[in-house]
Every structure is written in structure tokens, then in C-alpha cells.
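Asks: Quick one: sequence and predicted model below, then my questions.
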Amino acid sequence: MQATTDKIRVLIVDDSAIVRKLLSEILGADPKIEIVGLAANGKIGVQMFENLKPDLVTMDIEMPEMTGLEALSKIRETDKRTPVLMFSSLTQRGAADTLDALGRGATDYVTKPTNEAGGLNAAKEWIRDQVLAKIHALGARTKLFNMASKAPTTPSVTTLASSASKPNALFKVTNRVEIVTIGISTGGPNALMELIPKIPAGFPVPIVIVQHMPASFTKFLADRLNTTSPLNVREAGNDKPVLKAGDVWIAPGGFHMVLEKDGALVRLALNDEAPENSCRPAVDVLFRSVSQIYGKGTLGLVMTGMGYDGLKGSEVIVKNGGQVFTQDEASSVVWGMPGAVTNAGLSSRVLPLKDIAKAIIETVGEQRIGFTYEQRQL
């Protein structure tokens, strides 16, 4: 039976006794978290989930009797909302399993520390750095939803309601858009899987994306998007490709992605300069670079994610005459990055995820004959 508490009630599902012990000790020491259960495999995890009704689940992927993927699917048969945080290995198999899990309804993931990362102390530090922040963000959102659903009247729901998708009257940008650049993090893969396939073939400008993911994961994301999208979606490499209309490029994990002028052409380039906002690739780096070359023709989009990467880059885009859209709070897994840009007054449109493709197509189609949302929607 669910207890009444302000703490985030967490269920840990992992077949490793060491991992369960580490997680329960570190998470349990946090005053905002209560560990309500420890499960040694997916089958037990599903049973405990049904009985305990936690606010959040941490789920290993490879387990005996019932894998994390199978357990996730079972949970999502009856519960679409409770956050499930997958624990993935930094391998190609881990990347594929993670994208599979996200496709089955996982909320987000964290990668396990590698053996060469520095032993027990490093593992503890990893849990504090990588896991606690996500649990706080995702669990707090669950608590807010639960409070809203129990409220006798509807006003409290407005705290998570979709913001009006009308253009912000403070912005009257009418410049022709020459490029779309997207910054996204927590909850991003699923959001991109919904957004990018809606952008039709013949899209008249390139799209460049920073999605915060490990190096081994971004290619899998690009490949999966490419199979579901009418556009050509690829992970950027070191060959400095020329930007072309209708191409979608995703920055590889571990590298910043920037644009470079080459005569009349614009090329993509990578570098391994210092992380910004603890991120590489960083949204701010890409946004600044795009704005420097395309100026008023830049359309930035900041979507779901923790932290504030993209805020400074959005400032540059707006200062140079471009425009920035943001995803709204209700449809974001975490409203950190888009919330920071919106609250800074830099967003000309705050949009639910379902409306973003339409808004992009309409905005890019302005001043272009024969490219309208009505003609191009799928």
C-alpha cells in the first residue's frame, strides 16, 4: 500500500547485490528519497511495483528470469506515467537495449560505471552525480502530477499544463529561416522519435541536433531516426560534410559539433574542446556556431532536458535576430533546459511536443512558395 510521504519513493530492480546495496545506501541517505523496495530480477520487480506503487523505478536491463526490458513492458501495460530509469552498459549492446527500452516507454537512462573507472569510490561518485539528479527531477514531477490528480479542483494542474502555443507578441521575427538547430537531453530520444518523422521529405533547410548521450549511443539514435523519417538522418563524423537542405545531423557523443564557412558552403566540424555545462556535445556551442553563420535565419529549438544547456546559446540566437522555440512543461520529461530559456524571456513560442513539427514547418515555410504545413503534413 502506498504510504503518504513527501519523499520520492524509489523501487530498485537489479540482479547485482552489490549494485542494490550501493544504490540503497546512497539514495537512502538522501533526505528527499525513500527506498521502498529491492528486487533481484524483473519478475520480482513487477510484483513489487504493483504492490508498492513507487514514485520511480531504477531498472537494470540484463537480469535472470525476467529482463529489465520485459519487466518494463509489463509495467507499462498498466502504468504509463511512473518514471522508469534504465541502467545501461556503455557498449553497443547497451546502446541498442537502451533505445529499445526508451521505445517501450522507459523515461530515461543512466550508464553504469565502467570497470576501469576507478573502483568503489568512483562508483559511489557516479551514483551521486548521475543518478541522484535524475531521480530528484523525475520523482518531483511524479509527485506534482500525483498532487494535481488528487486536487478537488483543476487550478493546480495548470502548473504542468501546456502553455499556449501562440507566438509571443514580444517577438516579431519575420526573417526567412535558413536552418533549424535543436538542443535536447533527458527524455530526448523519445521526443525526437515523435518529432523528426513528422518533418516531411523536401524540407527546405538542414537540421542540426545536439542530444546529450554517450559516444556509443548517438549513432544508434541517428540510425533509428533514419529508419522512421523521410529525411536523411545521420551522426556527424570527421569528414566535414556540407550542410544541405533536408539533411538531419546529430552530434556524436563526446564531441562538440560546430559549423564552418567554406566559401559559399557551410560544413559540419567536430572538436573535443572542454565541456560546457558539463556537456560535450553542448547545445550552447552548437547554437553559438549556427547563429554566427546564419544570424537572423536561425531557428533554435530547446526541448526536454535537465540543467540549462542552451540558455546562453539562445541568448546569442535572439541577440543576432534569430528566433527560439521551446517545448512546454507538460510534454517535457524534465523542464530544465526549455524552462530556463522560457523563463529568461527568450522563447518566441512555447509548444507541446505534438505541435512542434507543425510550428517548424509553418515557420520554415513562411516566405517559401509551395511549402506549407497543409501541403506537407503526413
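Replies: Good, I have the coordinates.
Asks: Would you mind measuring from the closest residue in space to Thr98 that isn't next to it in sequence to Arg76?
Replies: Excluding the flanking residues, the one nearest Thr98 by CB to CB, 6 or more residues apart in numbering is Ser88, at 4.3 Å. The way it works is simple: take the backbone N, C-alpha and C, and place the C-beta from them, glycine included. Noted for Ser88: a distance of 18 Å to Arg76, by CB to CB, to the nearest Å.
Asks: same question, Ile26
Replies: 27 Å.
Asks: Looking at those two, which is more packed in?
Replies: Ile26 (18 against 15; other CB atoms under 10 Å).
Asks: ok, now which ones touch the residue nearest to Thr98?
Replies: 61, 94-95, 97-98, 101, 109-112 (CB atoms under 8 Å, 6 or more residues apart in numbering).
Asks: what's the pLDDT at it?
Replies: Per-residue pLDDT puts Ser88 at 79.
Asks: and it, bridged to which residues?
Replies: Ser88 has the following beta-bridge partners by DSSP bridges: Thr111.
Asks: about what we covered before: tell me which of the contacts of Ser88 fall in helices.
Replies: Within those, residues falling in helices by DSSP state H are 94-95, 97-98, 101.
Asks: Just say helix, strand or coil for the residue nearest to Arg128 when sequence neighbours are not counted.
Replies: Leaving aside its chain neighbours, Arg128 sits nearest to Ile26 (6.3 Å; criterion: CB to CB, 6+ apart). At Ile26, secondary structure determined by DSSP: H, G, I helix; E, B strand; the rest coil is helix.
Asks: and Ile26, how far is that from Gly307?
Replies: Taking CB to CB as the measure, Ile26 falls 21 Å from Gly307.
Asks: my guess is Pro241 meets Leu270, correct?
Replies: No. The criterion here is CB atoms under 8 Å, and Pro241 misses it with Leu270 at 10.8 Å.
Asks: Compare the two (neighbour count), which wins?
Replies: Leu270 (17 against 14).
Asks: That one: which element?
Replies: Element membership for Leu270, per DSSP states H and E: strand 265-271.
Asks: who touches that strand?
Replies: By CB under 8 Å, 6+ apart, the list of residues contacting strand 265-271 reads 208, 236-238, 240-243, 249, 251-252, 255-261, 293.
Asks: The next helix or strand after it: which residues count as buried?
Replies: Remark: after strand 265-271, the chain's next helix or strand is helix 283-294, criterion DSSP H and E. Going by neighbour count (16 or more other CB atoms under 10 Å), the buried part of helix 283-294 is 283-291, 293-294.
Asks: now for helix 283-294, which elements pack on it?
Replies: strand 179-184, strand 207-211, strand 256-262, strand 298-302, helix 311-319 (3 or more CB pairs under 8 Å, 6 or more residues apart in numbering; DSSP states H and E).
Asks: average pLDDT for it?
Replies: For helix 283-294, the per-residue pLDDT averages 98.
Asks: now it, how far from the chain's geometric center?
Replies: 19 Å (CA atoms, centre = their mean, to the nearest Å).
Asks: Next, the angle strand 207-211 makes with the strand holding Leu270.
Replies: Per axes from the mean of the first three to the mean of the last three CA atoms, to 10 degrees, the angle that strand 265-271 makes with strand 207-211 is 10 degrees.
Asks: Could you tell me the end-to-end distance of stretch 254-269?
Replies: 13 Å (CA to CA, to the nearest Å).
Asks: which parts of stretch 129-136 are buried?
Replies: Those would be 131-136, for stretch 129-136 by 16+ other CB under 10 Å.
Asks: Just the ones of those residues in helices?
Replies: 132-136.
Asks: Look at Ile196 and tell me its secondary structure.
Replies: helix.
Asks: roughly how far apart are the spatially most central residue of the chain and Glu70?
Replies: Geometric centre of the chain, nearest residue: Gly188, 2.3 Å, by CA atoms, centre = their mean. Distance, Gly188 to Glu70, by CB to CB: 24 Å.
Asks: before we move on, what about Val283?
Replies: Val283 is 35 Å from Glu70, by CB to CB.
Asks: unless I'm mixing things up, Ser348 is touching Ile317, no?
Replies: No. Assessed by CB under 8 Å, Ser348 is found out of contact with Ile317, at 10.4 Å.
Asks: Show me which of those two is the more surrounded one.
Replies: Using other CB under 10 Å, the more surrounded residue of Ser348 and Ile317 is Ile317, with 26 against 21.
Asks: Let me see the confidence value for the more buried one.
Replies: According to the prediction, Ile317 has pLDDT 97.
Asks: Now for it: which residues touch it?
Replies: So Ile317 contacts 287, 290-291, 298, 300, 323-324, 346 (CB under 8 Å, 6+ apart).
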